[in-house]
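A.B. asks: Kindly generate the corresponding structure for this input.
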Amino acid sequence: MTIEEGKEQFIQSWGTLGSSWGITRTMAQIHALLLISAHPLCAEDIMEELQISRGNANMNIRSLIDWGLAHKKLKSGERKEYFVAEKDMWEVVKNIIIQRKKKELEPMLKVLDDISSVEGNSEEAEEFRTVVRNIKLFSTKADTTLDTLINADSNWFVGTFLSMIKIK
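C.D. replies: Numbers count the residues shown, from 1 in each chain. Next comes the predicted model:
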């Protein structure tokens, strides 16, 4: 396999994986390209490599920056903006968790708070409150666990993970 074939396969696979994180395929493909690039890339480089429009490239680069998955890199003597990916995979995972919590879990916790005080003495109202309470309890534990993971360092996480799966 040539380096070009390997790059193409990685970019396509990372793009597919990205949709599991809640981001677009193009955003994940740009992230993949930046991850494997030995040098910072400008928007034109990204557009050419991925065959995407300027608007698509710029919008997705900004999103990657918002997620903490990419950063601007200044090149002296250059007017163009250049970009690099966050290459520390622990930071990448933490930033994805933070964004997913913000987009998915936190709004759900708010909804659960809002609906947990449904009034009524009927069997249906009681069942509703019980189910909401159980979901809220689980969601709050998940939120606390994710906060612990976000605030942990990579050595703690790897050690804990390996002990959980008992690799010897």
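A.B. asks: Okay, and the residue nearest to the spatial centre of the chain sits in which element?
C.D. replies: Nearest residue to the geometric centre of the chain (C-alpha atoms, centre = their mean): residue 96, 2.4 Å. In the assignment (DSSP states H and E), residue 96 maps to helix 89-100.
A.B. asks: just checking, what packs against that helix?
C.D. replies: Packing partners of helix 89-100 (3 or more C-beta pairs under 8 Å, 6 or more residues apart in numbering; DSSP states H and E): helix 123-151. Heads up, the C-betas are built off the backbone N, CA and C, glycines and all.
A.B. asks: hang on, the earlier thing: the helix holding residue 96: which residues count as buried?
C.D. replies: Buried residues in helix 89-100, counted by 16 or more other C-beta atoms under 10 Å: 92, 94, 95, 96, 97, 99, 100.
A.B. asks: any idea how far it is from the chain center?
C.D. replies: Here the centre of helix 89-100 is set off from its chain's centre by 5 Å, with C-alpha atoms, centre = their mean, to the nearest Å.
A.B. asks: Now do that helix and helix 123-151, the angle between them.
C.D. replies: Helix 89-100 and helix 123-151 are oriented at 150 degrees to each other (axes from the mean of the first three to the mean of the last three C-alpha atoms, to 10 degrees).
A.B. asks: Export helix 89-100 to PDB, keeping only CA atoms.
C.D. replies: Extracted C-alpha coordinates of helix 89-100, given in PDB (Å, rounded to 0.1, in the frame of the first residue of the first chain):
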ATOM      1  CA  MET A  89      -5.400  11.600  21.500                       C
ATOM      2  CA  TRP A  90      -6.300  12.000  25.200                       C
ATOM      3  CA  GLU A  91      -7.100  15.600  24.500                       C
ATOM      4  CA  VAL A  92      -9.000  14.700  21.400                       C
ATOM      5  CA  VAL A  93     -11.200  12.200  23.300                       C
ATOM      6  CA  LYS A  94     -11.700  14.700  26.200                       C
ATOM      7  CA  ASN A  95     -12.800  17.400  23.800                       C
ATOM      8  CA  ILE A  96     -15.200  15.100  22.000                       C
ATOM      9  CA  ILE A  97     -16.700  14.000  25.400                       C
ATOM     10  CA  ILE A  98     -17.100  17.700  26.400                       C
ATOM     11  CA  GLN A  99     -18.900  18.600  23.200                       C
ATOM     12  CA  ARG A 100     -21.100  15.500  23.300                       C
END
